[in-house]
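>>> Predicted structure and sequence below. I'll ask about it afterward.
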Amino acid sequence: MNVTIYHNPACGTSRNTLALIRHAGIEPSVIEYLQTPPSRDTLKTMIADAGLSVREAIREKGTPFAELGLDNPALTDEQLLDAMLEHPILINRPFVVTPLGTRLSRPSERVLEILPETFTGPFVKEDGEQVLDAEGKRLG
């Protein structure tokens, strides 16, 4: 299965998402989007395919969101996309693209919605939260 993750290795949610993909037996294409941001068209497509608005795809915490005045409701989607492309840290993460769909995997287990059920054994996130049981079935 062809899977792409727009990844930030400094982000625990992104690391957990990548680990879940690998736990499914898939080695994804890993794009560290801070070094290699998606194109405008790719970003727009990912946001739309994930069922999000551009505003829902912006990361506020730990970014220049406030200082750039991006909370201004008068800003258009195109203006917000401009900011995200100029400052990729504003792109919320991790986006994952598979043949089964696209998700902003926050929380990380959202990625399970677009992966085949090929999990074997349990999976525990970095913080100790168990996501999959001993048979590889989703908890909760």
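Here it is on my side, so go on.

>>> My read is that Pro94 contacts Ala10, right?
No - with contact defined as CB atoms under 8 Å, Pro94 does not reach Ala10; the gap is 11.6 Å. Backbone N, C-alpha and C define where each C-beta goes, glycine included.

>>> So these two - more neighbours on which side?
Under the neighbour definition other CB atoms under 10 Å, Pro94 and Ala10 were set side by side, and Pro94 has more, 27 against 11.

>>> hey, where'd the strands end up in the protein?
Assigned by DSSP state E, the chain shows strands spanning 4-7, 29-32, 95-98, 101-104, 123-124, 130-132.

>>> Look at stretch 20-34 and report the distance between its end residues.
One end of stretch 20-34 to the other measures 21 Å (CA to CA, to the nearest Å).

>>> Leaving out the residues flanking it, which one is nearest to the spatially most central residue of the chain?
With distances taken as CA atoms, centre = their mean, Pro94 lies nearest the centre of the chain, 2.0 Å away. Nearest residue to Pro94, sequence neighbours excluded (CB to CB, 6 or more residues apart in numbering): Ser14, at 4.2 Å.

>>> which residues touch Val96?
Applying CB atoms under 8 Å, 6 or more residues apart in numbering to Val96 gives the contacts 3-6, 17, 21, 28, 102-103, 105, 111, 114.

>>> what about 7 Å?
If you count contacts by CB atoms under 7 Å, 6 or more residues apart in numbering, Val96 has them with 3, 5, 17, 102-103, 105, 111, 114.

>>> Show the model's pLDDT score for it.
Val96 is assigned 98 on the pLDDT scale.

>>> Beta-bridge partners for it, please?
Residues in a beta bridge with Val96, per DSSP bridges, are Ile5, Arg103.
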